[in-house]
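# Whatever this is, show me its structure:
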Amino acid sequence: MDIFVHFKSIIVNIIADMGHGDLDCTRINTEPPRDKAHGDIATNAAMVLCKPLGMKPRDLAVKIADALAENPDVAAVDVAGPGFINIKVANGFWTTRFAQLVAEKELFGRPEKHNRKLMVEFVSANPTGPVHIGHVRGTVFGDSLSSLLEWSGYDVYREYYVNDAGGQVITLARSAYLRYCEALGDDIGAIPEGLYPGEYLKPVGQELAKKYGDKLKNLDEAEWLPLIKDIVMASMMMIIKDDLALLDVKFDNYFSERKLHEDGAIEKTLADMRQRGLVYEGSLPPPKGQLPDDYEEREQTLFKATEWGDDIDRPLIKSDGSYTYFAADIAYHRDKYLRGFKEQIDVLGADHGGYVKRLKAVVRAVSNDEAELDVKICQIVKLLKNGEVQTMSKRSGNFITLSELHAAVGKDPIRFMMLYRKNEAPLDFDYDKVTQKSRENPVFYVQYAHARVYSIMRQAKSVLAGFDVETFDFTKVDLSLLQDEAEINLMKTLLNWPKVATGAAEFHEPHRISFYLYDLASHFHGLWNKGKEMPQLRFIVDDNLELSHSRLAMVRSVAYIIKAGLDILGVDAPHEMR
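Prediction:
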């Protein structure tokens, strides 16, 4: 159970006992105080209820505090400032609650599965080459957010939107044609400006040469272009899927943008929008700043985006009669809604910040306010080595690929460190730091805590008669023997897991999990170090079997929660460190 929810219910019952059982208490917060010296729980109950109760906030706080002081789970309570209440919880409460964690193991704090459908669309990189560092953060964020939401009870559907209908596909095919000529022995010289220069297209050129010989060279572009497009797209998607597998990322579906065009989904979407009065013919105000010389105001087909929260209405058809990219976006998000996804999340890169309002407006409009979209923007990542920013790659021509990064540091450092900052903040990925075996390397520090638990368990098996971590019943131990302040603090941190995880899921912020795991590892390593200095605090006490079993139950629980958190992040929880 979330202890903060538990104490909020106690406060709500106190208010009811005062004769106000029908009062709206939803604004009451119970949370950790900013300063741990003030106790374990702080609440604003008196501040938010004083007005409807017609009392001064401090007077109401004193009444609530007096009632709390009578609760056997409360060791101390005081009123601070104008009416905040700080609560110190009795040690017996922590050990009693801790028994629930010991019994439930990795499932502690996990909500019941409610099966609400939710789609997370992420990565969605243009299929013009391998996954590179610009995509990695959104990839890890989207996958871990999906796992976090699954942990919290959602039926999550992971989708990759394949941009296979734009001009970049034609550019890619032309680039592959150049490599095809190269495979036939032509000297292609420097790759022309505007084409993709990466060496990853050489195998595609060789495949084309093997399949067609020199036949394509005798055809006009209009004839060879469609032949090459399908082959090069299939090759690029195979590369992308192989890259994603390096991070253990899998999708339930790869949705083709081209399919929207071929199936007439865009036409159907615009027809539906016209019928509902969401589209009109009109003109937009000129863009801000100096106008281009060829600017000409024209009437065009526009989506009434401003009626749904956007800043301006959005064009749907270009001057040449083709659809805008945004028209396809509308059809795609309508398709999501028609597939039953009323809750949607899009994970986009830093260069898509201007898309947030328009996409939210789209989902509201096409669903008639039945569906909701959360857009998460992942800021840029800088790769640092020896203190210098790394930007270039031989294989790709102008960017560092995921496969190169994976070869250098492995899956776990990539996944953990991409979540060690809030998604909206820029992130520095330091090669040197993530290869250290020290506290300065967060992923090593957390994984080492998990491995240390198993090291302690192996030691216990060798020195404690009849002990085996795989068969020992930890639910039978006496947890009330855990009385040292450091032990209590470790249990408090472990019991805070449900609040951290549910909050991370509610606000779509998986970085909270990595922060929490580092804090938990710090408490655990600190207690282990304290035992080195003070033998009476060691996890295995030679002359006290009962106390050893109690401490081993606490230690084993550290591994349960670290494993649960690392599973959400997609990071391994090793039993040994190499």
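# So residue 287, which state does it fall into?
Secondary structure, DSSP: H, G, I helix; E, B strand; the rest coil: residue 287 is coil.
# And the pLDDT at it?
The model reports residue 287 with a pLDDT of 74.
# Next one: it relative to residue 297, how far apart?
Distance from residue 287 to residue 297, counting by CB to CB, to the nearest Å: 11 Å. In this view, the C-beta of every residue, glycine as well, is placed from N, C-alpha and C.
# Could you do residue 381 as well?
Residue 381 is 41 Å from residue 297, by CB to CB.
# Between those two, tell me which one has more neighbours.
Each of residue 381 and residue 297 has its neighbours counted (other CB atoms under 10 Å); residue 381 has more, 22 against 10.
# wait, doesn't the more buried one sit right on residue 138?
No. Between residue 381 and residue 138 there is no contact under CB atoms under 8 Å: 9.8 Å.
# Ramachandran angles for the residue lying closest to residue 428 once chain neighbours are set aside?
The spatial neighbour of residue 428 that comes closest, neighbours along the chain excluded (CB to CB, 6 or more residues apart in numbering), is residue 382 at 5.0 Å. For residue 382, the backbone dihedrals (degrees, to the nearest 10) come out as phi -100, psi 130.
# distance of the residue nearest to residue 33 when sequence neighbours are not counted from residue 354?
Closest residue to residue 33 apart from its sequence neighbours, by CB to CB, 6+ apart: residue 42 at 3.9 Å. Distance from residue 42 to residue 354, counting by CB to CB: 39 Å.
# So which of the two has more stuff around it?
residue 42 (19 against 8).
# would you say the more buried one is within a helix?
No. Going by three-state DSSP, the assignment for residue 42 is strand, not a helix.
# just checking, it touches residue 87?
Yes. The criterion here is CB under 8 Å, and residue 42 meets it with residue 87 at 7.4 Å.
# if we can go back for a sec, tell me which residues form a beta bridge with the residue nearest to residue 33?
According to DSSP bridges, the residues that bridge with residue 42 are residue 31, residue 86.
# mind checking pLDDT for it?
For residue 42, the pLDDT comes out at 96.
# What are the phi and psi values at the closest residue to residue 166 other than its chain neighbours?
Leaving out its chain neighbours, the residue that sits closest to residue 166 by CB to CB, 6+ apart is residue 325, at 7.0 Å. Main-chain dihedrals, residue 325, degrees, to the nearest 10: phi -60, psi -30.
# ok, residue 325 - how many residues close by?
By other CB under 10 Å, the residues close to residue 325 number 11.
# In three-state terms, label residue 68 for me.
Per three-state DSSP, the secondary structure class of residue 68 is helix.
# Tell me which residue of the chain is furthest from the middle?
Farthest-out residue of the chain from its mean C-alpha position, per CA atoms, centre = their mean: residue 218, at 50.3 Å.
# Look up how far residue 467 lies from residue 456.
Residue 456 sits 11 Å away from residue 467, going by CB to CB.
# And the helix or strand of the chain with the lowest mean pLDDT, what does it pack against?
The helix or strand of the chain with the lowest confidence, counting by mean pLDDT, DSSP states H and E, is strand 388-390 at a mean of 85. Where contact means 3 or more CB pairs under 8 Å, 6 or more residues apart in numbering; DSSP states H and E, strand 388-390 is packed against strand 381-385.
# what does the strand it packs on contact?
Residues from elsewhere that reach strand 381-385, judged by CB atoms under 8 Å, 6 or more residues apart in numbering: 133-134, 136-137, 389-391, 400, 405, 418, 426-432.
# Which ones among those residues map onto strands?
389-390, 427-430 (DSSP state E).
# Between all of those, which two are separated the most?
390 and 427 (14.0 Å; CB to CB).
# what is in contact with the two at once?
Here residue 390 and residue 427 share no contacting residue, scored by CB under 8 Å, 6+ apart.
# Tell me where the stretch 301-450 of the chain has strands.
Secondary structure of the stretch 301-450 of the chain by DSSP state E, counting those that start in this stretch: the strands cover 314-315, 343-349, 372-378, 381-385, 388-390, 427-430.
# Adjacent strands (with direction) for the last one?
Each strand that pairs with strand 427-430, with its direction, by DSSP bridges: strand 381-385 (parallel).
# what comes up buried for the strand it pairs with?
Using 16 or more other CB atoms under 10 Å as the test for burial, strand 381-385 gives 381, 383.
# For that strand, what is the distance to the chain centroid?
Here strand 381-385 is found 20 Å from its chain centre; the criterion is CA atoms, centre = their mean, to the nearest Å.
# quick one: average confidence on it?
Mean pLDDT, computed over strand 381-385, is 91.
# Also stretch 15-25?
What stretch 15-25 shows for mean pLDDT is 91.
# in stretch 86-103, what's buried?
Within stretch 86-103, the residues that count as buried by 16+ other CB under 10 Å are 86-87, 89, 91, 93-95, 97-99, 101-102.
# re the thing from before, is it possible to export the strands of the stretch 301-450 of the chain to CSV including distance to residue 277?
As requested, the strands of the stretch 301-450 of the chain are arranged in CSV below (distance: least, CB to CB, whole Å):
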stretch, distance to residue 277
strand 314-315, 16
strand 343-349, 23
strand 372-378, 21
strand 381-385, 43
strand 388-390, 51
strand 427-430, 44
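# quick check: domain ranges of the chain?
3-89, 122-262+379-435, 442-569 (automatic domain parsing).
# Count residues in the vicinity of residue 106, would you?
16.
# swap in the one 4 residues further on?
The local packing count at residue 110 equals 16, with neighbours defined by other CB under 10 Å.
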